[in-house]
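Colleague: have a look at this fold, sequence not included:
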């Protein structure tokens, strides 16, 4: 098998062409890479499934039970433990808890999402402005941000909730009646949580701003508006998405806390949080009063946190995770 | 360094002014403290007006703020309702240390808060110690046994703990350890207050009563901190200087607890310092559920009764603590990290 | 094991199991080291030279790493079978290692004095006073002025060259028999590099040490080594005394490396010769000679079988199917 020449052999079979570039996988889009990493993160999948189930439960439940069912008072059967008829039991005035968790869940989740939008709006705006322009604007707005951050959130929430607590009218929307306090709570939560997001956005802007492609955009005369919204923002989107996701969980939890303390959403609207108000008086006698709403809150927050963690892994591989 | 600290403190003043102003304005629109002042009876109109005048609540908000801040002993108020200001005020204002009088029970604000503060501090300090010790142990263990079954279990559990709302944990533990233990004839934990009234405020009473509230306060922080420590330890253990330490044949314990931990613990110091002042407000929800007589519950009670002086007192106390601890955190970090200390 | 051998490595194989597959980092390395020798291990980044030495000292992180096969006899004992406790006694005391980047290799939050003393305290049982004294001597030995005061300083307060001297002092603290230097000068300026090389040579004589010097710089090799081992893709491809290697390389890789060195006597308009292609992807299990895609002398056999390391001269071994002196297959 000796070759009698010293010339290189004819082209070796492909398997031996160990040129590294060939062995790498074909290029994937950013979205595909993110999806792959996301899939690998089993907890995130679990979180996503959990969230889907909960959303199905709360919003799908509308198709089976009506709102009247949720508010149907039947004092004869008050404080019944879970049974076939009332799988989650009944509350202090005889309303079915299962149905109330369905409708309460809708409000809680809605509050979470909407408060997140408010927070997003304010936080991104302020973060972008301070991060991009710096200078005087930065100083003033950062002082404002710090000022809000200095007071613990719950305290601030309670003060603001009390501030708005003078008689609030009910709202009619989509054929259903909501207590105006829902809007109040949404605004209050949004207004007290934006600093966290603003700080993140500002940090992102500060770092992305230094990149050469921003310099290039400016040199070619791109307007400030375009630079912010077309160049910097899309590159900062990852931590914003993660933060926004996690803040939905935070908002739901916060609403639960202040409703639990009696300063949150008012009747007639039910939320998971206000279902717990006063339930703790019945710890011994009626565990189902607090267990089911509490459990649902815990599961929802858990699901969102798992999801958020997975998103963080998928979108921002450089961030520090466990 | 001293100059830096002084500068930070000076910067804090405008911040505190703004905060106090905004909060004061909010507080003053929050409802009527006079409504409940007569106890359970609704206050009569004449009394209302008289009380309002006496307490200075009939003045515009800005004036009230100025009185709160700087007192009113340099001006005269109209006490007898004849439209003529003749009585000199007695308040010195916050700037001179006079925090005013509670609108609810007419006691000095400093007294009111001072009664409750030690209870909260007791709970907080204990909780913080528990948190630190547990988080360090769990975090280091997880880092050293990365991806093992125990580590994965711990990760899952900490996630769940981290996500669980405080009241759910509280109610759950209450239900299991207090209610059900009692039912099952096991020694059970008390759930209300600091001590049983009959037994008095003894050491063991307080300790038993502290168990559930402390656990409730700690679990969330333990979950969060241990994850963080795990990640900083993992990062430290992956550094080149650990490779050197191993190549020097140093025993494992020395490598982990001296070489790695000293590096990993640096950022945690900052986080702890920043979290501490927030504990000062008392965890409102925890104190409410367990009936713990601390500043958190105090805040709740007095907010719902629109008692501005007390509420402002608590809020400003926390604000000052937060700012002070922020400075402490920065200084501590700079002092602990030799790269900063010895430029 | 022959009495004049300090270290004898046989068929060492180390792999890393990562998400994308298994990296075959070291594929059957065998070499030996006599007392008092200084050898250089040369090769490109990723050829396995560091991993080999780390494997011998059992410093490879075990998941994902795996020492799949082999033996490493140090004074008659197989290090690869020793317990962790036994290894702890050997590391730092009998076999010491100096790493490439002195900035990251020193612990930033501990003083130099502390990092020096701890080896002395752990291995030689010295107390704080004694260790402190000895640390001062060590710093003097490596040429750091004002040693007593510097002991209280932290790594970031030193310059790169000084830090590397400290690393060397740390390594030599317990007077090891074997010093493994893993590219100690790569991260340093050329002038500092010369100083460090000189220092090591001086200390080698003074302490009668055996030295393994890992590098990718052929210039350094010429200065310090007596014998050279050339590695490629986890294999040893050539081994020779330093003069023999430079004068008469017997492996296409070595030949190409030497040809790539810029030479003063070349004409200015001659192009620099580089080796075409790139090092192989170690995720693929080796079959045939890994140098094939870049080799000028490839014959059919090269594709099928990895050539064994065979004697091609006195103290000269090479792993190639082709005899470079004749150009014909062996």
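Modeller: Received it, and whenever you're ready, just let me know what you need. Keep in mind that what you see is a predicted model, and the values were worked out from it rather than measured.
Colleague: what kind of secondary structure is whichever residue of chain B sits closest to chain C in?
Modeller: Of all residues in chain B, residue B:249 sits closest to chain C, at 3.4 Å by Cβ to the nearest Cβ. Every residue, glycine included, has its C-beta placed from N, CA and C. With DSSP: H, G, I helix; E, B strand; the rest coil as the basis, residue B:249 sits in coil.
Colleague: any idea how far residue B:232 is from it?
Modeller: Here residue B:249 is placed at a distance of 25 Å from residue B:232 (Cβ to Cβ, to the nearest Å).
Colleague: mean confidence (pLDDT) on stretch B:103-117, please.
Modeller: The pLDDT scores in stretch B:103-117 average 84.
Colleague: close to chain A, is that stretch?
Modeller: No - applying Cβ under 8 Å from any Cβ of the partner chain, one finds stretch B:103-117 separated from chain A by no less than 13.8 Å.
Colleague: ok, which stretches of chain C are helices?
Modeller: Per DSSP state H, chain C carries helices over the ranges C:49-56, C:84-90, C:102-105, C:112-124, C:128-141, C:147-150, C:160-172, C:190-207, C:218-224, C:242-247, C:252-260, C:300-304.
Colleague: in a markdown table: those, plus mean pLDDT, distance to chain B and mean neighbour count.
Modeller: Below are those laid out as a markdown table (pLDDT from 0 to 100; distance: least, Cβ to the nearest Cβ, whole Å; neighbours: other Cβ atoms under 10 Å in any protein chain shown):
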| stretch | mean pLDDT | distance to chain B | mean neighbour count |
| --- | --- | --- | --- |
| helix C:49-56 | 92 | 8 | 24 |
| helix C:84-90 | 92 | 5 | 15 |
| helix C:102-105 | 90 | 4 | 21 |
| helix C:112-124 | 93 | 5 | 22 |
| helix C:128-141 | 92 | 13 | 17 |
| helix C:147-150 | 89 | 12 | 16 |
| helix C:160-172 | 91 | 7 | 24 |
| helix C:190-207 | 88 | 17 | 15 |
| helix C:218-224 | 87 | 21 | 17 |
| helix C:242-247 | 90 | 27 | 17 |
| helix C:252-260 | 86 | 28 | 20 |
| helix C:300-304 | 85 | 37 | 18 |
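Colleague: of all those helices, which lies closest to residue B:142?
Modeller: For those, the distance to residue B:142 is smallest for helix C:84-90, at 21.3 Å, taking Cβ to Cβ.
Colleague: low-confidence ranges in the stretch 201-343 of chain B?
Modeller: B:281-282, B:343 (pLDDT under 70).
Colleague: how about the stretch 1-150 of chain B?
Modeller: Those would be B:30-43, B:79-81, B:83, B:85, if you go by pLDDT under 70 across the stretch 1-150 of chain B.
Colleague: picking that back up, in CSV: the helices of chain C, plus distance to chain A.
Modeller: Shown next, in CSV, are these (distance: least, Cβ to the nearest Cβ, whole Å):
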stretch, distance to chain A
helix C:49-56, 19
helix C:84-90, 27
helix C:102-105, 18
helix C:112-124, 27
helix C:128-141, 36
helix C:147-150, 35
helix C:160-172, 27
helix C:190-207, 30
helix C:218-224, 24
helix C:242-247, 21
helix C:252-260, 11
helix C:300-304, 5
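Colleague: turn those into JSON lines, including distance to residue B:118.
Modeller: Below are the helices of chain C laid out as JSON lines (distance: least, Cβ to Cβ, whole Å):
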{"stretch": "helix C:49-56", "distance to residue B:118": "57"}
{"stretch": "helix C:84-90", "distance to residue B:118": "50"}
{"stretch": "helix C:102-105", "distance to residue B:118": "48"}
{"stretch": "helix C:112-124", "distance to residue B:118": "42"}
{"stretch": "helix C:128-141", "distance to residue B:118": "43"}
{"stretch": "helix C:147-150", "distance to residue B:118": "49"}
{"stretch": "helix C:160-172", "distance to residue B:118": "51"}
{"stretch": "helix C:190-207", "distance to residue B:118": "61"}
{"stretch": "helix C:218-224", "distance to residue B:118": "69"}
{"stretch": "helix C:242-247", "distance to residue B:118": "78"}
{"stretch": "helix C:252-260", "distance to residue B:118": "76"}
{"stretch": "helix C:300-304", "distance to residue B:118": "83"}
